[in-house]
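curious how this folds, go ahead:
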Amino acid sequence: MRLHHHTIASSVVSVMLFVYFKSWGLAIGSFISGIFIDLDHIIDVIREHGWSIKTKDFFMICNNGQFDRVFLYCHGWEWSFLFLITAWVSGWNPWLLGISIGLIHHLILDTIYNSSNPYSYSFLWRWKHDFAFDKIFTKLINLKYNYRKQISAEINKS
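Model prediction:
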């Protein structure tokens, strides 16, 4: 799912949380984690494509699945549940609960739009499959290789 979609979804969820619970911590925690979980994409892009990537190229790489291996360190149901358990143990600290909600709604949306398999967003499951993009994100394989064909065709025209 693209960044602007996550921004809209995080805004809607956070406003609803604030309206219902009247808690800035809950709303802000959800908003921030619902968007900034995607910072882990930077690590994968740099690891596979180097440091010299321009912003435009960064989004093209991510939006078109241009990875052989993808770690997505922050994208994990495991982290969501750890934050949820921590929120519970802390007496439902609004910031921790908000972070949990943001992570969970982000992963639900990513699962719907990017994957045919909900396990794709389990860090342990990705590890078991050697973080191989084609094994993890089978729904995106056509997108990945069609984009590569398009780029090759454009290069051959030149």
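
would you mark the buried spots in the worst-scoring helix or strand of the chain on mean pLDDT?
The weakest-scoring helix or strand in the chain, judged by mean pLDDT, DSSP states H and E, is helix 141-157 (a mean of 88). Within helix 141-157, the residues that count as buried by 16 or more other C-beta atoms under 10 Å are 144, 147. Using the backbone N, CA and C atoms, a C-beta is placed for each residue, glycine as well.

and the residue nearest the centre of the chain, how far from residue 78?
By C-alpha atoms, centre = their mean, the mean C-alpha position of the chain lies nearest to residue 38, the distance being 4.7 Å. Note on residue 38: its distance to residue 78, by C-beta to C-beta, to the nearest Å, is 17 Å.

so which elements touch the biggest helix by length in the chain?
Assignment by DSSP state H gives helix 94-114 as the longest helix of the chain. Applying 3 or more C-beta pairs under 8 Å, 6 or more residues apart in numbering; DSSP states H and E, we find helix 94-114 packed against helix 3-21, helix 24-36, helix 77-89.

how many residues are close by residue 30?
The number of residues packed near residue 30 is 31, by other C-beta atoms under 10 Å.

per-residue pLDDT, it?
What the model reports as pLDDT for residue 30 is 98.

do residue 158 as well
Taking residue 158 on its own, its pLDDT is 69.

same check, this time on residue 1
87.

what's the neighbour count on the closest residue to it other than its chain neighbours?
Leaving aside its chain neighbours, residue 1 sits nearest to residue 113 (4.3 Å; criterion: C-beta to C-beta, 6 or more residues apart in numbering). By other C-beta under 10 Å, 13 other residues sit near residue 113.

same deal with residue 68?
Other residues lying near residue 68 total 10 when counted by other C-beta under 10 Å.

I figured it hits residue 49, correct?
No: Residue 68 lies out of contact with residue 49 (C-beta atoms under 8 Å); the separation is 10.6 Å.
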